[in-house]
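Participant: 3D model of this:
(one chain, ligands or ions: 1)
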Amino acid sequence: MSILLIDNATVLVTMDDERREIKNGAIVTRDKAIEAVGSSDEMVSVLGDRGLVADRHIDASGCILMPGLVNCHHHLYQTLTRSIGTAEGKSLFDWLQTLYPIWGQMDAAAVYISAKLGLAELMLAGATTVADHLYLFPNGARLDDEIRAARELGVRFHPTRGSMSLGQSQGGLPPDDICEDELDILADCERVIAEFHDPGRYSMLRIGLAPCSPFSVSAELMRNTAALARRHPGVNLHTHLAETIDENRFCETRFGMRPLQYMQSLGWTGEDVWFAHMVHPDSKEISMLADTRSGVCHCPSSNMILASGIAPVREMVDAQVRVGLGVDGSASNDGNHLLGEARQAMLLQRVGWPGFESSAARFGAREALELATRGGAAVLGRDDIGSLEPGKAADLVAYRVDGIQHAGAGGDLVAGLLTCAPVNAWLTVINGRVVLEQGEITGLDLPDLINQHNQQAQRLLQMSAA
Ligand SMILES: [Zn+2]
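Facilitator: Model prediction:
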């Protein structure tokens, strides 16, 4: 048994049903789970009353202590191609066509090193659970390569086995040579579920299945993937949807339906489904998302960089749609800072909404923090993470708020996490293990990781230029 006591936090943000915020807050964790949450004095009594002795005590004075952040959409491999195409400002389809040939040069080592770097950067910013969407497997790369990276770092991981099968010769967007045969895709989905998926409480790894988008896989693969996932409890379904107006047009022209209608016709709505983006749903589609309990991952930076548009997050949240946050693939964001992404979400809901008298009040800092924590947990179908409550997984993050960024923000330090410049985590606990201390990931040689990652990135550029 391992007992950890963290106390004296300036404010402990529980994100529980009452959204309690506790001044001079403290938490006790026992093995993988949270034992108790309250004031520092109360936690001393809890330890005494229950006959527990802390194996480790961490003083979190000067910190906001809160649930670890949950990232619901990413393409970790894209950290290898940051800033290509994003500088000029390409739109989604042009940007993808620039990058497909470069990504086609990746191999197992590239997938591993990029996942390790992207996950490390997310952890440094306070993420404790990460969903990733890997949808191309060139030169022998496998989902296993990113799983290895996540296990080494100790992050809670939801890798999704993605796929592309509709090449250009069949009217799809990606080049034929990075698409896979549909039978091979389904066989590999079965394999990774059998090998890695853990549906249990406090699971550190759940597999999801994720055909890339309506414009890169066939309807049949979508249907078959859903049927396969539903034979395995806890294997959820994920894809990109309604990201751009171009995509809405593609669906209307090719299928005679709007994107969400098309997904529904394939059996792709429900509690076990979450869509990345949903930038362009109409009001009917928002109701459909709520009625079917389908989830949405909002990726504000990506939507801005690619000029995809502004997702109606306010409307979706008000309609009780499950909404979480994602940094999205690095090449369409170039940053892996989920706290920064929560700030972007808050800001983006405040601009460009004509007709609202008080646009600035449209979205609050606490609501954005909620998207990044319990919102993300709900999107990933997890009732054991996302808030600090007894019985939940011991996943938490502490941010220092006594530095220069927060000087003068004493009036509301919790809001200051997003209204001031986003900082990195000072302490992170995942599954009851301290994985980051004093801002550094335990046991990680970061300069070496960056060096290896840069070598791989350079190799890809050289090969694709040759
Ligand atoms: Zn994406």
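Participant: going forward, measure contacts and count neighbours with C-alpha atoms only.
Facilitator: Fine.
Participant: what's around Pro300, how many residues?
Facilitator: 29 (other C-alpha atoms under 10 Å).
Participant: so it touches Arg343, yeah?
Facilitator: No. Pro300 is beyond contact range of Arg343, at 9.4 Å (criterion: C-alpha atoms under 8 Å).
Participant: Ranking helices and strands of the protein by mean pLDDT, which lands last?
Facilitator: Least confident helix or strand of the chain, by mean pLDDT, DSSP states H and E, is helix 92-103 with a mean of 86.
Participant: So for it, what gets flagged as buried?
Facilitator: Residues of helix 92-103 classed as buried: 92, 95-96, 99-103 (neighbour count, 16 or more other C-alpha atoms under 10 Å).
Participant: And these, which is closest to Pro312?
Facilitator: Leu92 (19.1 Å; C-alpha to C-alpha).
Participant: Quickly note the distance from that closest one to Gly85.
Facilitator: From Leu92 across to Gly85, the span is 10 Å (C-alpha to C-alpha, to the nearest Å).
Participant: List the neighbours of stretch 396-416 that are in contact with it.
Facilitator: Residues outside stretch 396-416 that contact it (C-alpha atoms under 8 Å, 6 or more residues apart in numbering): 11, 13, 60, 62-69, 126-128, 365-366, 388, 417, 420-421, 423-430.
Participant: Repeat that for stretch 76-83.
Facilitator: By C-alpha under 8 Å, 6+ apart, the residues outside stretch 76-83 that reach it are 110-111, 114-115, 117-119, 132-134, 329-332, 334, 453-454, 456-457.
Participant: Repeat the analysis, applying 7 Å as the threshold.
Facilitator: Applying C-alpha atoms under 7 Å, 6 or more residues apart in numbering, the contact partners of stretch 76-83 are 111, 114-115, 118, 132, 329-331, 334, 457.
Participant: again, but for stretch 322-340
Facilitator: With C-alpha under 7 Å, 6+ apart as the test, stretch 322-340 has contacts from 71-76, 78-79, 81-84, 86, 118, 121-122, 125, 127, 295-299, 301-302, 305-306, 317, 341, 371-372, 375-376, 378-379, 422.
Participant: Kindly report the same for stretch 31-44.
Facilitator: 1-3, 7-8, 22-29, 389-394, 431-432.
Participant: Would you mind measuring the gap between the ends of stretch 55-74?
Facilitator: Terminal residues of stretch 55-74 lie 36 Å apart, using C-alpha to C-alpha.
Participant: Buried ones in it, by neighbour count?
Facilitator: Neighbour counts over stretch 55-74 (16+ other C-alpha under 10 Å) mark 60-74 as buried.
Participant: coming back round to it: please produce TSV containing the buried residues of helix 92-103, extended by distance to Ala219.
Facilitator: Putting these into TSV (distance: C-alpha to C-alpha, whole Å) gives the following:
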residue	distance to Ala219
Leu92	22
Trp95	24
Leu96	21
Leu99	25
Tyr100	22
Pro101	25
Ile102	27
Trp103	24
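Participant: Now Leu173. Its backbone dihedrals?
Facilitator: Dihedral angles of Leu173 (phi, psi; degrees, to the nearest 10) stand at phi -90, psi -40.
Participant: wait, what's in contact with it?
Facilitator: Leu173 makes contacts with 167, 215-216, as judged by C-alpha under 7 Å, 6+ apart.
Participant: from those residues, which is closest to Val321?
Facilitator: Nearest to Val321 among those, counting by C-alpha to C-alpha, is Phe215 at 24.8 Å.
Participant: what's the nearest residue to that closest one if we skip its chain neighbours?
Facilitator: Gly172 (5.4 Å; C-alpha to C-alpha, 6 or more residues apart in numbering).
Participant: Enumerate every residue touching the one you found.
Facilitator: By C-alpha under 7 Å, 6+ apart, the contact set of Gly172 is 166, 215-216.
Participant: residue boundaries of the strands in the stretch 251-400 of the chain?
Facilitator: Using DSSP state E, counting those that start in this stretch, the strands of the stretch 251-400 of the chain run over 273-277, 295-298, 322-325, 396-400.
Participant: Return the most buried member of those.
Facilitator: Neighbour counts (mean count of other C-alpha atoms under 10 Å) averaged over each of the strands of the stretch 251-400 of the chain peak at strand 295-298, with a mean of 31.
Participant: Could you tell me which helix of this protein is the longest one?
Facilitator: Counting by DSSP state H, the longest helix found in the chain is helix 446-465.
Participant: what helices or strands is that helix leaning on?
Facilitator: Applying 3 or more C-alpha pairs under 7 Å, 6 or more residues apart in numbering; DSSP states H and E, we find helix 446-465 packed against helix 92-103, helix 108-124.
Participant: The closest residue in space to Ser2 that isn't next to it in sequence: neighbour count?
Facilitator: In space, Ser2 comes closest to Asp31 once its chain neighbours are excluded; the distance is 5.0 Å by C-alpha to C-alpha, 6+ apart. Neighbourhood size, Asp31 [other C-alpha under 10 Å]: 16.
Participant: do the same with Leu166
Facilitator: Neighbour count of Leu166, defined by other C-alpha under 10 Å: 26.
Participant: from what I can see it touches Ser218, true?
Facilitator: Yes. Counting by C-alpha atoms under 7 Å, Leu166 touches Ser218, with 6.0 Å between them.
Participant: Tell me which two in the contacts of stretch 76-83 are the farthest apart.
Facilitator: Greatest spacing in those, by C-alpha to C-alpha: Asp132 and Ala457 (19.3 Å).
Participant: Look at these two and report which has more neighbours.
Facilitator: Higher neighbour count among Asp132 and Ala457: Asp132, with 27 against 21, using other C-alpha under 10 Å.
Participant: before we move on, back to that, want to throw the strands of the stretch 251-400 of the chain into JSON lines with mean pLDDT?
Facilitator: JSON lines is the format used below for the strands of the stretch 251-400 of the chain (pLDDT from 0 to 100):
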{"stretch": "strand 273-277", "mean pLDDT": "98"}
{"stretch": "strand 295-298", "mean pLDDT": "98"}
{"stretch": "strand 322-325", "mean pLDDT": "98"}
{"stretch": "strand 396-400", "mean pLDDT": "98"}
